[in-house]
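Q: starting from these lines, generate the structure:
(chains A, B, C and D)
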2 protein chains.
Amino acid sequence: MPGRHQWQNRFRENVCRWTVPREVILALLSRTTEHLTAKDIYGSLYSMYPGIGLTTIYRTLELLHRLGLVHKVAAGDGQSRYALKREDKEDHHHHLICTRCGKIVDYRDFVQEELELVKKTEEALTKKHSFLIQDHNIEFLGLCEKCR
Amino acid sequence: MPGRHQWQNRFRENVCRWTVPREVILALLSRTTEHLTAKDIYGSLYSMYPGIGLTTIYRTLELLHRLGLVHKVAAGDGQSRYALKREDKEDHHHHLICTRCGKIVDYRDFVQEELELVKKTEEALTKKHSFLIQDHNIEFLGLCEKCR
DNA sequence: ATTATAGTTGAAAATGATTATCATTATCTA
DNA sequence: TAGATAATGATAATCATTTTCAACTATAAT
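A: Numbers count the residues shown, from 1 in each chain, chains lettered A, B, ... in the order given. Below is the predicted model of the structure:
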């Protein structure tokens, strides 16, 4: 449990309570780099914590997203997938998404150039369109080896 | 109706028939640069063509997407939005998406740099992960002026 | 032109992800 | 420890998208 106390504090700041479901969900997310759906999480947690409700998982994920702790990705297969944001810069990455099965592969190529471009673009767009930009996505869509 | 005959041919090649609903939907999409939901389209078409069914709209949009004629964008508000692909290079753009109301703004800044990066990345990823890449998205997520 | 064939359509029902409701329970503050 | 209130989880409700299926129609062959 790496940033457990940081999380607790982050929660308190936002008038949120530190509860068992929240801890368990964060712990699960921090153990993997996969992008999980709400049901993935429900399934993984079931053996450890059979009482947990799907509703709570959705609510918690939404909260984490609101607090900026997770990335939310719409894979185009109808479900949203979530992954913990890693603070460490080395981890910056984008997605390669299979539009048939929803599989998400992370890639980290050309990060430096991406970051420069993203930064420039973000500044320009914020001014031009009065948007409050919170996140960005660069994704490539296609078919994975199996689905091709 | 700009590319009407091209569309007809494109359809024939794929064992698809050229029907009234399909023509009407394509005509509507070609009249705007907005990103429309299935319901938007249903609503717009209703006065002109009251008989059309939502089902058909979904089916047609999926077909157009499969034929590579439209872009499909998941705005994160639960609905998919569709826009006709324009062949003309001047039109290349990406999206600024409001995660609260689903509004999509196109932008065309730094296109040249983007295209270079995209091309390089696409080549690298295709090889490395055996993906068949069909499309890409660069999008910035946030809150528009009204939703902020 | 007529017909046979397969692709299309639209209404209704089904599905599946996500959200709202609400009584109960748990966290945190004083 | 008690009280205020946020969080939980079961259930029902929403809402976008799909499936089903009988009726219809574009197209190719006759």
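Q: going forward, measure contacts between C-alpha atoms and count neighbours the same way
A: Will do.
Q: where does the residue nearest in space to the middle of chain A sit: helix, strand or coil?
A: Geometric centre of chain A, nearest residue: A:His71, 2.4 Å, by C-alpha atoms, centre = their mean. Here A:His71 is strand, with the state taken from DSSP: H, G, I helix; E, B strand; the rest coil.
Q: hey, what's it bridged with?
A: A:Ala83 (DSSP bridges).
Q: tell me how far it lies from A:Leu29.
A: Per C-alpha to C-alpha, to the nearest Å, A:His71 is found 11 Å from A:Leu29.
Q: same question for A:Cys101.
A: Going from A:Cys101 to A:Leu29 by C-alpha to C-alpha gives 21 Å.
Q: ditto for A:Lys146
A: To A:Leu29, A:Lys146 is 26 Å away according to C-alpha to C-alpha.
Q: quick one, longest strand in chain A?
A: Selection of the longest strand in chain A by residue count, based on DSSP state E, yields strand A:132-143.
Q: and that one, which strands flank it?
A: Counting by DSSP bridges, the strands paired with strand A:132-143 are strand A:94-98 (parallel), strand B:132-143 (antiparallel).
Q: what's in contact with that strand?
A: With contact meaning C-alpha atoms under 8 Å, 6 or more residues apart in numbering or on different chains, strand A:132-143 is reached by A:94-100, A:122, A:126, B:122, B:131-145, B:148.
Q: which parts of the helix or strand where A:Ala27 lies are buried?
A: Assigned by DSSP states H and E, A:Ala27 belongs to helix A:20-31. For helix A:20-31, burial by neighbour count (16 or more other C-alpha atoms under 10 Å in any protein chain shown) applies to A:Pro21, A:Arg22, A:Glu23, A:Val24, A:Ile25, A:Leu26, A:Ala27, A:Leu28, A:Leu29, A:Ser30.
Q: returning to that earlier point: out of the strands paired with strand A:132-143, nearest to A:Arg66?
A: strand B:132-143 (11.4 Å; C-alpha to C-alpha).
Q: what bridges to A:Asp139?
A: Asp isn't right for residue A:139; it's Glu. Bridge pairing for A:Glu139 - DSSP bridges - gives A:His95, B:Asn137.
Q: state the number of residues packed around it.
A: When neighbours are counted by other C-alpha atoms under 10 Å in any protein chain shown, A:Glu139 registers 23.
Q: return the distance of it relative to B:Asp91.
A: From A:Glu139 over to B:Asp91 the distance is 19 Å, taken as C-alpha to C-alpha.
Q: now the residue nearest to the centre of chain A: how far from DNA strand C?
A: 13 Å (C-alpha to the nearest atom of the strand, to the nearest Å).
Q: right, and that residue touches A:His65 too?
A: Yes. Contact criterion C-alpha atoms under 8 Å: A:His71 and A:His65 qualify, at 6.6 Å.
Q: ok so, going back, per-residue confidence averaged over the helix holding A:Ala27?
A: In this model, helix A:20-31 has a mean pLDDT of 96.
Q: need the pLDDT of A:Met1.
A: 50.
Q: chain A - how does it break down into domains?
A: A:1-86, A:88-148 (automatic domain parsing).
Q: mutual contacts of A:His71 and A:Leu29, please.
A: Here A:His71 and A:Leu29 have A:Ala83, A:Leu84 as joint contacts, going by C-alpha under 8 Å, 6+ apart.
Q: what does chain A have sitting close to chain B?
A: Within chain A, the positions near chain B by C-alpha under 8 Å from any C-alpha of the partner chain are A:74, A:76, A:78, A:107, A:109-110, A:113-114, A:117, A:121-122, A:124-125, A:129-145, A:148.
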